[in-house]
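**Q** need a structure here:
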Amino acid sequence: MGALGKKIGRGIKEWGKAAPFVLPGLILVAFFVIYPMIFTIRISLSEYRIVQGEINFVGLQNYKSIFSDTSGRFWYALRNNVLYALVTTPAIIFSGLIFAFLINNLRRGKTIFKVGFYLPVITSWVIVGLVFQYMFNSSDRGLINYILVDVLHLMDDYVPWLLREWSGNAAIWIMGIWKNVGWAMIIFLAALQGIPTDLYEAARLDGADKVHEFLYITVPMVKPTIYYVLVNMMIGSFNVFIQVMMLTGGKPNGRTSVLQYLLYDRAFNQFNFGEASAIGLFTAVTVLFVTVVLNKIFKLEEEGEK
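**A** Numbering: from 1, shown residues only. You can find the predicted model right below:
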């Protein structure tokens, strides 16, 4: 007991020394992360009247309401998030890796290309949204309509791209891909520069061309980076909001909406904070589930290679 007491005493002293540095961080985490999370869970199980300041417990009623919504808006939103992930994530990973490989093999002008590809990443989503609004505008002022109707004469009339279900979703996907390819390219470029040049030199001596170098050296060596980009893009796919707000507003009838936009609509247009919180928690759990599954798959693949 004497030795145990001394060990506990030393531990308390060490914690006492670290407390002034650790406590501010713990307080901030508790105030800005843990408390809002607990409050959100509480609101998702309640009818929250913000004006009156009343919180009435209703159990799982908010979850039942969003899942049984007769308009189907919740299921359209979930479908669109899944489609966004399935379309944009492979496109961003493939394009980012290809561009990184090509830039890495340039002898001159690497900086110009890196800056050019990364500019969309640092450009405000609002500005990008305005550009895409102009491109997909339904009148003759829209760039795509102008080219297809007035220049190439491929169509007889202007198309309301952003007011249709699938063309509106396609515009959202294209905007997401264009905005994020530069980020993936920079991440992959950093990974490529860590690959030993000896591997490429040995491959060239064996007669390998650029395609074989890419498939049999580059891709296997950057697998961990591919996984990192994959997880980030999948998480980002469930945080889509500004694209929908700027381009379609969920039209027509919520068929281009996503979970984050539906949450916004329920909270700030309908003032139904209970259902909004339920949607937010459902999204969080979904993202956590996807991340865990991807992590399991990656670990199993690593064990299989060993």
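**Q** residue ranges for the helices of the stretch 1-150 of the chain, please.
**A** Using DSSP state H, counting those that start in this stretch, the helices of the stretch 1-150 of the chain run over 2-29, 35-44, 61-67, 73-104, 110-122, 125-135, 143-145.
**Q** hey, which of the ones you listed is tucked in deepest?
**A** Of all the helices of the stretch 1-150 of the chain, helix 73-104 has the most neighbours on average by mean count of other C-beta atoms under 10 Å, namely a mean of 20. Using the backbone N, CA and C atoms, a C-beta is placed for each residue, glycine as well.
**Q** Leaving out sequence neighbours, find the closest residue to the residue nearest the centre of the chain.
**A** By C-alpha atoms, centre = their mean, the chain has its centre lying nearest to Gly236, at 0.9 Å. Among residues not flanking Gly236 along the chain, Asn180 sits closest, at 7.4 Å (C-beta to C-beta, 6 or more residues apart in numbering).
**Q** elements contacting the helix or strand containing the one you found?
**A** For Asn180, the element it lies in under DSSP states H and E is helix 165-192. Packing partners of helix 165-192 (3 or more C-beta pairs under 8 Å, 6 or more residues apart in numbering; DSSP states H and E): helix 73-104, helix 110-122, helix 125-135, helix 223-237, helix 242-247.
**Q** List the buried residues of that helix.
**A** Buried residues in helix 165-192, counting neighbours by 16 or more other C-beta atoms under 10 Å, are found at 165, 167-169, 171-189, 191-192.
**Q** For the helices and strands packed on helix 165-192, give me a markdown table that also has distance to Phe298 and mean pLDDT.
**A** Shown next, in a markdown table, are these (distance: least, C-beta to C-beta, whole Å; pLDDT from 0 to 100):
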| stretch | distance to Phe298 | mean pLDDT |
| --- | --- | --- |
| helix 73-104 | 14 | 94 |
| helix 110-122 | 25 | 91 |
| helix 125-135 | 30 | 91 |
| helix 223-237 | 5 | 92 |
| helix 242-247 | 28 | 92 |
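**Q** can you list the domains in the chain?
**A** Per automatic domain parsing, the structural domains of the chain span 2-62, 71-305.
**Q** Going by mean pLDDT, which of these comes out lowest?
**A** Per-stretch mean pLDDT for the domains of the chain is lowest at domain 2-62 (a mean of 81).
**Q** Just the terminal-to-terminal distance for stretch 209-227.
**A** By C-alpha to C-alpha, to the nearest Å, the extent of stretch 209-227 from end to end equals 26 Å.
**Q** What residues does Trp178 make contact with?
**A** When contacts are counted by C-beta atoms under 8 Å, 6 or more residues apart in numbering, Trp178 touches 120, 128.
**Q** got it, and Leu78?
**A** Shown in contact with Leu78 (C-beta under 8 Å, 6+ apart): Leu259.
**Q** Check Thr88 too.
**A** Thr88 touches 173, 176-177, 180, 233, 237, counting by C-beta under 8 Å, 6+ apart.
**Q** give me that answer again for 7 Å
**A** For Thr88, the contact set (C-beta atoms under 7 Å, 6 or more residues apart in numbering) comprises 173, 176-177, 233, 237.
**Q** Kindly indicate which of those residues lies nearest Pro20.
**A** Using C-beta to C-beta, Met233 is the member of the contacts of Thr88 that lies nearest Pro20, at 39.5 Å.
**Q** Let me see the contact set for that closest one.
**A** By C-beta under 7 Å, 6+ apart, the contact set of Met233 is 88-89, 92.
**Q** next one: Ala184
**A** Shown in contact with Ala184 (C-beta under 7 Å, 6+ apart): 92-93, 96, 229.
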